[in-house]
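**Q** here you go, sequence then predicted model.
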Amino acid sequence: MSETQVHRIWIKATPEKIWDAIVDPEWNKKYGYAAPQFYELRKGGRYHSVPSQEMKDYSAQQGWPLPDVIVDGEVLEAEPPRRLVQTWRMLMDPTCAAEPFTTLTYEIEDSSPGVCRVTITHQLDGAPATANMTRGNPDAGAEGGGGWAWVLSDLKSLLETGKVLTQA
Amino acid sequence: MTDELDLVFRALADPSRRFLLDLLFARDGRTQTELESELAMTRFGVAKHLKVLEEAGLVVTRRSGREKLHFLNPVPIRQIHDRWIDKYTEQHVTALIDLKRTLEEEP
């Protein structure tokens, strides 16, 4: 079954700043799920994300096993600061981990002066469990279950105000 | 931010546009022709509504070969939630919505 999710937001920041916020672990650990993500920015380069301290504490407290790498994938295209294409597989949940790699594309385009349009296109063919997770929880009160919409809102908040949404 | 959300609220103010969003929520990635078949409206009318939704960022279009596919972008809705719902005590809002639902369901 073919499934594509598209998420778009406008952010008042330079494309370089947005690019860094996506690919630099010092930045990307600050918003969204706050798990640092590491990129080897060349075709065929490795992508992986490791759990945040909060995730480790929480899973230890719940007695759940947590892998050392929670998301993995490969860089397919890297054109800073405009376009990033990568594969993406969620490893935190065994059902998702057993699904095929999905394809994630980030596009950063100039919109009005000083404003960029950021679009995430996630091709999730054959990965229904992963699609459920990235779509976010329909219950608006479920913090952290917000999927890409929540991640992008948080990225915008961080770049424009210097604060993530939970601090606002 | 205010201007962006103005566009979103204006786009959501129309029932046909909300219906188009519901259609895309049920199944994403549809062509305009597919969407037209669900509405009692001219082709031009549907195109106009889709344009308003796209300008508000609620719909994103992607080309796939010859076709232009329409996707629901949930981000602006999320921003409304962050801006308006989180700010006030969410519990009270939920309680009132529940109350309304309960009262309306009563025969």
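**A** Thanks, I have the structure now. Please read these numbers as outputs of a predicted model, since none were measured by experiment.
**Q** hey, let's count contacts and neighbours off CA atoms from now on
**A** Will do.
**Q** I'd guessed A:Leu91 sits against A:Phe101; true?
**A** No. Using Cα atoms under 8 Å, A:Leu91 is not in contact with A:Phe101, being 10.6 Å away.
**Q** and for A:Ile18, the neighbour number?
**A** 21 (other Cα atoms under 10 Å in any protein chain shown).
**Q** how about the residues of chain A by chain B?
**A** Residues of chain A lying close to chain B by Cα under 8 Å from any Cα of the partner chain are A:4-9, A:140-141, A:149-150, A:152-153, A:165.
**Q** identify the farthest-apart pair in those residues.
**A** A:Thr4 and A:Leu165 (26.6 Å; Cα to Cα).
**Q** contacts only, for A:Ala21.
**A** Residues in contact with A:Ala21 (Cα atoms under 8 Å, 6 or more residues apart in numbering or on different chains) are A:27-28, A:155.
**Q** now do the helices in chain A.
**A** A:15-23, A:25-28, A:53-62, A:94-97, A:128-135, A:147-161 (DSSP state H).
**Q** quick check: which of those helices is buried the most?
**A** Most buried of those, by mean neighbour count (mean count of other Cα atoms under 10 Å in any protein chain shown): helix A:147-161, with a mean of 21.
**Q** which residues are contacting stretch B:19-29?
**A** With contacts defined as Cα under 8 Å, 6+ apart, stretch B:19-29 is touched by A:4-5, B:30, B:35, B:50, B:58-59, B:69-72.
**Q** circling back to that earlier point, now tabulate the residues of chain A next to chain B in TSV and tack on distance to A:Ala21 and pLDDT.
**A** Converted to TSV, the residues of chain A next to chain B look like this (distance: Cα to Cα, whole Å; pLDDT from 0 to 100):
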residue	distance to A:Ala21	pLDDT
A:Thr4	24	93
A:Gln5	21	93
A:Val6	19	93
A:His7	17	93
A:Arg8	16	93
A:Ile9	14	92
A:Ala140	25	53
A:Gly141	26	54
A:Ala149	16	88
A:Trp150	15	86
A:Leu152	11	91
A:Ser153	13	88
A:Leu165	15	77
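**Q** okay, how far is it across stretch B:9-16, tip to tip?
**A** Stretch B:9-16 has an end-to-end distance of 14 Å (Cα to Cα, to the nearest Å).
**Q** now that stretch: how far from the chain's centre is it?
**A** 8 Å (Cα atoms, centre = their mean, to the nearest Å).
**Q** pLDDT on it, on average?
**A** For stretch B:9-16, mean pLDDT rounds to 96.
**Q** separation between the residue nearest the centre of chain B and B:Gly57?
**A** Closest to where the C-alpha atoms of chain B average out (Cα atoms, centre = their mean) is B:Leu21, at 3.9 Å. Going from B:Leu21 to B:Gly57 by Cα to Cα gives 12 Å.
**Q** neighbour count for A:Thr4 and A:Leu165, which is higher?
**A** A:Leu165 (20 against 16).
**Q** which residues touch the more buried one?
**A** So A:Leu165 contacts A:153-154, A:157-158, B:82 (Cα under 8 Å, 6+ apart).
**Q** next one: B:Leu39
**A** Here B:Leu39 is in contact with B:Val46 (Cα under 8 Å, 6+ apart).
**Q** tell me the secondary structure for it?
**A** Under DSSP: H, G, I helix; E, B strand; the rest coil, B:Leu39 falls in the coil class.
**Q** need the pLDDT of it.
**A** As predicted, B:Leu39 sits at a pLDDT of 92.
**Q** can you say which helix or strand has B:Asp49 in it?
**A** Small correction: residue B:49 is His, not Asp. helix B:43-55 (DSSP states H and E).
**Q** nearest residue to the residue of chain A found nearest chain B in space, please, no chain neighbours.
**A** Chain A approaches chain B most closely through A:Ala149 (4.6 Å), counting by Cα to the nearest Cα. In this structure, A:Ala149 finds its nearest non-sequential neighbour in B:Val75, 4.6 Å apart by Cα to Cα, 6 or more residues apart in numbering or on different chains.
**Q** done for today, thanks.
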